[in-house]
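*Asks:* generate a structure from the sequence data that follows.
(2 chains)
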Amino acid sequence: MKSALLASIVSFIIAFFVSYNLNAASGAPCGNYLSESGLTKGQCDSAEVDPTDIASLQRGAQIYMNYCLGCHSLKYARYKRVSEDLEIPLDMFQENLIFGDQKLGDLISIGMDSKESKVWFGNTPPDLTLEAGLRGPDWIYTYLKSFYMDDSRPLGVNNKVYENVGMPNMLIGMQGEQFSVCKQIPEIASNGGIKQDPLTGEQLFVEKCGFLEVKKGTGTKTLEEFDQSIKDLTNFLAYMTDPMKKERETLGVYVLLYLFIFTILSYLLYIEFKKDLH
Amino acid sequence: MVTKIMNWFDDRLPLTATIERHLTKYPAPINMNIWYLAGVLLVVVLVIQLLSGIWLLMNYEPTAEGAFASIQYIMRDVEYGYIIRYMHTTGASAFFALIYLHMFRGMMYGSYQNPRELLWVVGWITYLLLCMLGFTGYVLPWGQMSFWAAQVIMSLFGSIPYIGEDLLIWIRGDYLISGITLNRLFALHVVLLPLALIVVIFVHILALHEVGSNNPDGVDVKKFKDEDGVPLDTKPFFPYDIMHDLYAIGVFLIFFCAIMFFYPDGGGYVIEYVNYEPADNLKTPDHIIPAWYYTPFYAMLRAITFPLFGLSAKFLGFIVMAAGIAIFVALPWLDRSPVKSIKYKGIYSKFFLVLFVISFFVLGYLGSVAPSPAKTLLAQIFTVGYFAYFLLMPIYSKYETCKPVPDRVKLS
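*Replies:* Numbering: from 1, shown residues only, chains lettered A, B, ... in the order given. Next up is the predicted model:
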């Protein structure tokens, strides 16, 4: 009996860890993206999303409406909800972030015909309302910063995360021209340390290709500013997938508090009734 | 006054008798432990699912064109719609987690043995209905995984020799999974299956109250009664067991709400990430995996990689998978042990039960990841392990030495 019980408990713990690890590995992998150190390939950088950072969400919405909405609809969401959640006054939102004759209560749709855009880009630009749920914010963030110049592609750019993607680099004006370059990086020994020349003690280097480097002076923003901008944009898309996250978690705290009190009271009641039995 | 009203009812309906039989005088063994809570929690989840389901139904649109958007409408535009939906998705996972615990309890303490064979069979039917409810409900959001999971599972019927292809078209109502398929699965999910589930659960409880609850010692508590004819080692279900259950429901709801409010995706297990994309019959997802509660059986399906006796590997896999679900119903007749509880059974029973649990979890893991040759071999080994528990039971349960069973329950 005890052994069977023990075995089942152990199995549950194993199952928990397995699922926990799977969870950690979830989210789409980042293609051929090489991390800054050059040590990992295909691992996304963290977008550090924060649904409570309203200023970041507002900046993200601004970039989205100006740069992305031409092709990518947010057709399950409504303008009004965005303006309320992001604390942007309705009239200001209407004036600056809604184009054409769309109303505040409308869904955020686009005018581009999906059949024609398929011919133009090879694929219809997807709706992005739920993209952060599908691929994860980290993927979006890494993807957006991984465009590089590639003359072999019809639009002149390629992407490390999504090889041969049909999308042009809309943010190239901000970021500037980015190239895929080779770099000398410290050689790593099998034990994980930095490899040194056994005779001179000097550090050994190897050449590795696929690093991304922006040509200085070609963009309107500095590297840090651009990075912040796409973080804002990613943050906005993460909000788009899960707009009720903040409300849900606030409500959840109250629900759990209530349940704790309920459980304690029911426990005391149970103890009281149990006294009858002995 | 109250007595008068009760008398009025009692003349027309067996009200007092029913209350006494099922609540205030239903004898619950005093040594019931934590494993016995799954049953009452299942009833709680049933109520959660029925209520949240009705409210979802008020806003859901069962068409291929509108289903996906209507889910987002519920999530975004319906007041507290997201709570209703997450309640239903979390409830689905909780339903299966609890029913597996409930079934395992029965297997551990021999709750399927005489006189509870029918109770076990009826319980197995509820599990079957639940599997169908899970599958049909999973298709309704009409996301990529909904569509492709339906495609994979329904295509299994196509592997049946001779009639397969025609049967498949008959089941789908179309040459592909389409809006027509969605509509019929919707009808089953919201009308026929829940109705059947309620009836079967009602019968399950009736049968339970006829034969009485088993207990961790597997002894018959009705053997020793006091002068009023009440079994000695029992307590009235109401209020004593109810109070205990109320406390358990509180603890359960804390876990339930923690997931519902803070991790509604459940790390991709409660709601799959791939389902954030609307169904597209031209674009197959990289890995098609079923919901976590089916993964052990999915692993069995994939474990069969060779054709045999002129039958295709797919059809054989389908049979093995169906057998994996169906074999539970045979337990009362496979177990030849003179004792019920694993506490007093011999070493072989313990070994095979542990083997079963390990096989179930390993298969569950293997069913949720992409296959590789090594993983397929593992799946084959543990499929054998899974069935060994059942198929060897008539032998090992008969010839092992059991410990003596006490006359009355033991309180630890």
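
*Asks:* what does the stretch 51-200 of chain A have sitting close to chain B?
*Replies:* A:75-78, A:81, A:129-131, A:133-136 (Cβ under 8 Å from any Cβ of the partner chain). (Each C-beta comes from the backbone N, C-alpha and C, glycine too.)

*Asks:* which helix or strand contains residue 82?
*Replies:* You didn't say which chain, so I picked chain A. For residue A:82, the host element (DSSP states H and E) is helix A:79-85.

*Asks:* sorry, should have said chain B
*Replies:* Following DSSP H and E, one finds residue B:82 within helix B:81-108.

*Asks:* check whether that helix contacts chain A.
*Replies:* Yes. Using Cβ under 8 Å from any Cβ, helix B:81-108 comes into contact with chain A via B:82-83, B:86, B:104, B:108.

*Asks:* would CSV of the residues you listed with pLDDT and neighbour count be doable?
*Replies:* Putting the residues of helix B:81-108 next to chain A into CSV (pLDDT from 0 to 100; neighbours: other Cβ atoms under 10 Å in any protein chain shown) gives the following:
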residue, pLDDT, neighbour count
B:82, 95, 21
B:83, 95, 23
B:86, 95, 24
B:104, 96, 18
B:108, 94, 24
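
*Asks:* can you pull the contacts of residue A:161?
*Replies:* For residue A:161, the contact set (Cβ atoms under 8 Å, 6 or more residues apart in numbering or on different chains) comprises A:30-33, A:44, A:139, A:142-143, A:146.

*Asks:* and the closest residue to chain A within the stretch 201-350 of chain B, how far from residue B:322?
*Replies:* Closest residue of the stretch 201-350 of chain B to chain A, Cβ to the nearest Cβ: residue B:261 (2.7 Å). As for residue B:261, its distance to residue B:322 is 37 Å (criterion: Cβ to Cβ, to the nearest Å).

*Asks:* neighbour-wise, which of these two wins?
*Replies:* Counted by other Cβ atoms under 10 Å in any protein chain shown, residue B:261 and residue B:322 do not tie: residue B:261 has more neighbours, with 22 against 14.

*Asks:* now the more buried one: closest residue in space that isn't a chain neighbour?
*Replies:* Counting by Cβ to Cβ, 6 or more residues apart in numbering or on different chains, residue A:252 is the residue found nearest to residue B:261 once chain neighbours are left out, at 2.7 Å.

*Asks:* figure out the helix or strand that that neighbour lives in.
*Replies:* Here residue A:252 sits within helix A:245-277, counting by DSSP H and E.

*Asks:* report the angle between that helix and helix B:81-108.
*Replies:* Using axes from the mean of the first three to the mean of the last three Cα atoms, to 10 degrees, the direction of helix A:245-277 lies 40 degrees away from that of helix B:81-108.

*Asks:* buried set for helix A:245-277?
*Replies:* Buried residues in helix A:245-277, counted by 16 or more other Cβ atoms under 10 Å in any protein chain shown: A:245, A:248, A:252, A:255-256, A:259, A:262-263, A:266-267, A:269-270, A:273.

*Asks:* quick one on the thing from earlier: filter the contacts of residue A:161 down to the buried ones, PyMOL style.
*Replies:* To isolate the buried ones among the contacts of residue A:161 in PyMOL, judged by 16+ other Cβ under 10 Å, type:
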select buried, chain A and resi 30+31+33+44+139+142+143+146
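
*Asks:* among the contacts of residue A:161, which two are most distant?
*Replies:* Farthest-apart pair in the contacts of residue A:161 is A:32 and A:139; separation 13.3 Å (Cβ to Cβ).

*Asks:* about what we covered before: other residues contacting the helix holding residue A:82?
*Replies:* In contact with helix A:79-85 (Cβ under 8 Å, 6+ apart) are residues A:57, A:61, A:88-90, A:93, A:97-98, A:102-106, A:108, A:239, A:243, B:76.

*Asks:* quick one: low-confidence parts of the stretch 151-300 of chain B?
*Replies:* Within the stretch 151-300 of chain B, no stretch has pLDDT under 70.

*Asks:* got the residue ranges for the strands in it?
*Replies:* B:234-236 (DSSP state E, counting those that start in this stretch).

*Asks:* whatever residue of the stretch 151-278 of chain A ends up closest to chain B and residue A:238: what is the separation?
*Replies:* Using Cβ to the nearest Cβ, the single residue of the stretch 151-278 of chain A nearest to chain B is residue A:252, 2.7 Å away. Residue A:252 sits at a distance of 18 Å from residue A:238 (criterion: Cβ to Cβ).

*Asks:* before we move on, what about residue B:212?
*Replies:* For residue B:212, the distance to residue A:238 - Cβ to Cβ - is 54 Å.

*Asks:* these two: which has the busier surroundings?
*Replies:* More neighbours surround residue A:238 than the other of residue B:212 and residue A:238, with 25 against 19 (other Cβ under 10 Å).

*Asks:* so where does the more buried one fall, helix or strand?
*Replies:* Element membership for residue A:238 (DSSP H and E) is helix A:223-241.

*Asks:* and that helix with helix A:245-277, angle?
*Replies:* 50 degrees.

*Asks:* do helix A:223-241 and chain B meet at all?
*Replies:* Yes. Contact between helix A:223-241 and chain B, assessed by Cβ under 8 Å from any Cβ, occurs at residue A:241.

*Asks:* average pLDDT across that helix?
*Replies:* The predicted model gives helix A:223-241 an average pLDDT of 93.

*Asks:* could you name the helices and strands sitting against it?
*Replies:* Applying 3 or more Cβ pairs under 8 Å, 6 or more residues apart in numbering or on different chains; DSSP states H and E, we find helix A:223-241 packed against helix A:54-63, helix A:131-135, helix A:137-144, helix A:172-175.

*Asks:* tell me the most buried of those helices?
*Replies:* Highest mean neighbour count among the helices and strands packed on helix A:223-241 (mean count of other Cβ atoms under 10 Å in any protein chain shown): helix A:137-144, with a mean of 24.

*Asks:* three-state assignment of residue A:183?
*Replies:* Of the three states, residue A:183 takes strand under DSSP: H, G, I helix; E, B strand; the rest coil.

*Asks:* does it touch residue A:38 like I think?
*Replies:* Yes. At 6.9 Å, residue A:183 counts as touching residue A:38 under the criterion of Cβ atoms under 8 Å.

*Asks:* in a strand, residue A:206, correct?
*Replies:* Yes. Counting by three-state DSSP, one finds residue A:206 located in a strand.

*Asks:* report the beta-bridge partners for it.
*Replies:* residue A:185 (DSSP bridges).

*Asks:* dump the residue contacts of it.
*Replies:* Residue A:206 is in contact with A:184-185, A:187, counting by Cβ under 8 Å, 6+ apart.

*Asks:* coming back round to it: now render the residues of the stretch 51-200 of chain A next to chain B as CSV, adding distance to residue A:48 and pLDDT.
*Replies:* Putting those into CSV (distance: Cβ to Cβ, whole Å; pLDDT from 0 to 100) gives the following:
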residue, distance to residue A:48, pLDDT
A:75, 27, 92
A:76, 25, 94
A:77, 23, 94
A:78, 27, 93
A:81, 24, 92
A:129, 22, 94
A:130, 21, 93
A:131, 18, 93
A:133, 18, 90
A:134, 20, 90
A:135, 16, 90
A:136, 13, 89
